[in-house]
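Colleague: What shape does this take:
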Amino acid sequence: IGANDVANNMGPAVGGKVLTITTAIIIAAICESAGALLAGGDVVKTVSKGIISPGGAISVVDFRYLMLSALLAAALWINLATILSAPVSTTHSIVGGVLGAGIAAAGVGLVNWVTMAKIAASWVISPVFGAAVAAALLFFIKAKVLKVEDRLEAAKQWVPLLVALMAAAFAAYMAMKGLKKIWKPSMMEIVAFSGAAFLLAWLAARPYISRRVQRLKNRKKDIYGLFDVPLIIGAALLSFAHGANDVANAVGPLAAIVSTLEPSADGVASKVTIPLWVMVVGAFGIAVGLGLFGPKLIAVVGEKITRLNSPRAYCVALSAAVTVLIATTLGLPVSSTHIAVGAVFGVGFLREFDENPNRRKLRPGHKLNATADEAFNSRGIRKTRHLVRRKFVWSIAAAWVITVPATALLAALIYGFLQLL
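Modeller: Next up, the predicted model:
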């Protein structure tokens, strides 16, 4: 997870030149580990989100082999995806591994196909939601702050509200996702909590932004810096919530294996408690993965898909929280990886739509033409400038679609091999 999944939270801040990669890795390692150890899921379904239904069809020993196969398959796939610079969903990797090993162990009757259909739906829901929310936020910031004549006055009016919106969204996000093990509030408590966060953040941001604006010039680059602090706080909170949620998914199969080794265990339970030492393994693995391989995927998400700055990165971070809140309220399955990457694509495509009509286009006439006729015919041709690197669109989308089938096949092969030992 540290090598691949954490890039989604820190990539935009690095791409927006708000954090260096080293600083981002340090913050992410601390926040992810804290989320896993302080607020990590204490109870998890043994078969990872109900993908399979254990029962008389599978023995305890085979169940252990099934979970071991799922872990190995997910680990192999995520490492391969990291090598290929493709950010993929850890949860989907685990799901695919459990699915494939479960089918190999007891056939397709063991699979909960309703849950699988929801996961397949998230391939579309997550990136589209993330892209739409991020693009809408960026469009608002451009229209109200960056493209007006008096940017400084507009920043004094709107930036405190945007900071307060982020505070409210992350307050609700932490209440619903990041702190659910420690605190389980009602919907009314969540609304009150996020409302209080909005008011306090707005009251604190107004004088802070007013003082900052007095020292700035009426330029876009000066306005960008007003989003730096909210962005850093948002990235840290995303990392904390990610550690609290996704680490439990990754170590869930290990916790399931441990549960079958307890003296009191008389079979495969429907739910197990994750021991603290298992969560420590997950937290330690995140820190090591971040340190060794994190910079590669952080650079892909933050710098190689499209060019980011502070407002764009702010939109990506806020989109991740808002999209999860909307999807959770509606009961829709979403992937944090797909949301974050979809949000990066969303701001990139908005840039193309917004900037190309302003005649910021390239002339292909600068290249050498093969013949005189070709040079003559291409004189008046203008080509739209692509501000999103298309190769990443297709390679990342392909990796998302392939993740579940690939890990399922790997897990089935590993399970078959373990049966031969």
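
Colleague: Would you check that residue 280 makes contact with residue 37?
Modeller: Yes: judged on C-beta atoms under 8 Å, residue 280 makes contact with residue 37 at a distance of 6.9 Å. Using the backbone N, CA and C atoms, a C-beta is placed for each residue, glycine as well.

Colleague: How about the contacts made by residue 128?
Modeller: residue 342 (C-beta atoms under 8 Å, 6 or more residues apart in numbering).

Colleague: Need the pLDDT of it.
Modeller: Looking at residue 128, its pLDDT stands at 88.

Colleague: Could you report the distance from it to residue 319?
Modeller: Distance, residue 128 to residue 319, by C-beta to C-beta, to the nearest Å: 12 Å.

Colleague: before we move on, what about residue 398?
Modeller: With C-beta to C-beta as the criterion, residue 398 and residue 319 are 23 Å apart.

Colleague: Looks to me like residue 417 is in a strand.
Modeller: No: checked against DSSP: H, G, I helix; E, B strand; the rest coil, residue 417 lies outside a strand; its state is helix.

Colleague: all helices of this structure, in order?
Modeller: Secondary structure of the chain (DSSP state H): helices at 7-15, 21-39, 60-83, 90-106, 113-141, 151-173, 187-214, 220-224, 228-260, 276-299, 310-330, 336-355, 372-377, 390-420.

Colleague: which of those helices sits most buried?
Modeller: For the helices of the chain, average neighbour numbers computed from mean count of other C-beta atoms under 10 Å are highest in helix 7-15, which has a mean of 30.

Colleague: helices and strands around that helix, which ones?
Modeller: Counting contacts by 3 or more C-beta pairs under 8 Å, 6 or more residues apart in numbering; DSSP states H and E, helix 7-15 packs against helix 21-39, helix 228-260, helix 276-299, helix 310-330, helix 336-355.

Colleague: How many neighbouring residues does residue 217 have?
Modeller: 9 (other C-beta atoms under 10 Å).

Colleague: Check what pLDDT it gets.
Modeller: Reported pLDDT for residue 217: 86.

Colleague: now swap in residue 101 and tell me
Modeller: The model reports residue 101 with a pLDDT of 88.

Colleague: for it, what are its contacts?
Modeller: Residues near residue 101 by C-beta under 8 Å, 6+ apart: 65-67, 69-70, 73, 411-412, 414-415.

Colleague: do residue 298 as well
Modeller: 6-7, 10-11, 14, 21, 24-25.

Colleague: With residue 6 instead?
Modeller: By C-beta under 8 Å, 6+ apart, the contact set of residue 6 is 28, 32, 239, 242, 286, 289-290, 294, 297-298.

Colleague: Distance check, it against residue 135.
Modeller: Per C-beta to C-beta, residue 6 is found 24 Å from residue 135.

Colleague: Could you do residue 233 as well?
Modeller: 23 Å.

Colleague: same deal with residue 341?
Modeller: 14 Å.

Colleague: With residue 260 instead?
Modeller: Here the criterion is C-beta to C-beta. By it, residue 260 lies 47 Å from residue 135.

Colleague: Could you do residue 293 as well?
Modeller: 30 Å.

Colleague: pretty sure residue 8 contacts residue 317?
Modeller: No: the criterion here is C-beta under 8 Å, and residue 8 misses it with residue 317 at 9.9 Å.

Colleague: any residues in contact with both of these two?
Modeller: Residues touching both residue 8 and residue 317 (C-beta under 8 Å, 6+ apart): residue 238.

Colleague: hang on, residue 13 packs against residue 302?
Modeller: Yes: using C-beta under 8 Å, residue 13 is in contact with residue 302, at 7.2 Å.

Colleague: what residues are shared contacts of the two?
Modeller: Counting by C-beta under 8 Å, 6+ apart, the residues touching both residue 13 and residue 302 are residue 313.

Colleague: Pull the contacting residues for residue 2.
Modeller: 29, 32, 285-294.

Colleague: got the contacts of residue 101 as a markdown table, with pLDDT and distance to residue 92 columns?
Modeller: Compiled in a markdown table, the contacts of residue 101 are given as follows (pLDDT from 0 to 100; distance: C-beta to C-beta, whole Å):
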| residue | pLDDT | distance to residue 92 |
| --- | --- | --- |
| 65 | 88 | 22 |
| 66 | 87 | 18 |
| 67 | 85 | 17 |
| 69 | 93 | 16 |
| 70 | 89 | 12 |
| 73 | 94 | 12 |
| 411 | 94 | 13 |
| 412 | 94 | 16 |
| 414 | 95 | 18 |
| 415 | 93 | 19 |
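
Colleague: of all those residues, which comes closest to residue 323?
Modeller: residue 70 (27.3 Å; C-beta to C-beta).

Colleague: was I right about residue 395 contacting residue 84?
Modeller: Yes: counting by C-beta under 8 Å, residue 395 touches residue 84, with 7.4 Å between them.
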